[in-house]
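J.: take this sequence and fold it.
(one chain, ligands or ions: 1)
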Amino acid sequence: MHDEIGLRIDGLLEDETDWVAAMATVVCELHHGFDHFHWTGFYRTTQPNLLKIGPYQGGHGCLEIPFDKGICGAAARTGETQDVPDVHVRPEHIACSSSTNSEVVVPVKDSNGAVVAVLDVDSDTPAAFSPEDVAFLEKVCEMLGQRFHN
Ligand code: SME
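T.: Residues are numbered from 1 along each chain as shown. From the prediction side, this is the model:
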């Protein structure tokens, strides 16, 4: 499944040069490709230590997240993937939906290693994300960083 969706994303973005169009395409294919992805979206680093919402699929997402807040802020601050099987054990978690039980947030880095965005995926299912899901999302984010932020 991961390979199939990865190939579809690669094909759709083959000639794309626009960062917003790429993000919108990625969240669409991810959200509709995996039943356990209940909110899928990007937050962009728009100024130092601040994330602003980007293209997403799912219910209303909060518009901005400082780097010192939330699971997204943790990913942006540390530059490390945040794989959270139970969001309720992370007091800093920001619940855009009360039904969220697990979350994975992956940083998108430019060629200098700066975090230019994070990809946030929420699920109502506890411990929804497999190691294969996490590795796939990291591969997609690495591709986006290399393709659109060199
Ligand atoms: N849960 C995220 C906030 C974004 S909403 O879930 C879309 C966080 O804790 O950073």
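
J.: which secondary structure state does Lys52 sit in?
T.: For Lys52, the secondary-structure state derived from DSSP: H, G, I helix; E, B strand; the rest coil is strand.

J.: so what does the residue nearest to Leu119 when sequence neighbours are not counted look like in phi/psi?
T.: Excluding its sequence neighbours, the residue lying closest to Leu119 (Cβ to Cβ, 6 or more residues apart in numbering) is Val106, at 4.7 Å. Every C-beta, even on glycine, is put in place using the N, C-alpha and C of the backbone. With angles defined as degrees, to the nearest 10, Val106 sits at phi -120, psi 130.

J.: the ligand versus Val106, what's the distance?
T.: Distance, Val106 to the ligand, by Cβ to the nearest ligand atom, to the nearest Å: 12 Å.

J.: quick one: neighbours of the closest residue to Asn49 other than its chain neighbours, just the number.
T.: Distance criterion Cβ to Cβ, 6+ apart; nearest residue to Asn49, sequence neighbours excluded, is Phe67 at 4.2 Å. Phe67: 18 surrounding residues under other Cβ atoms under 10 Å.
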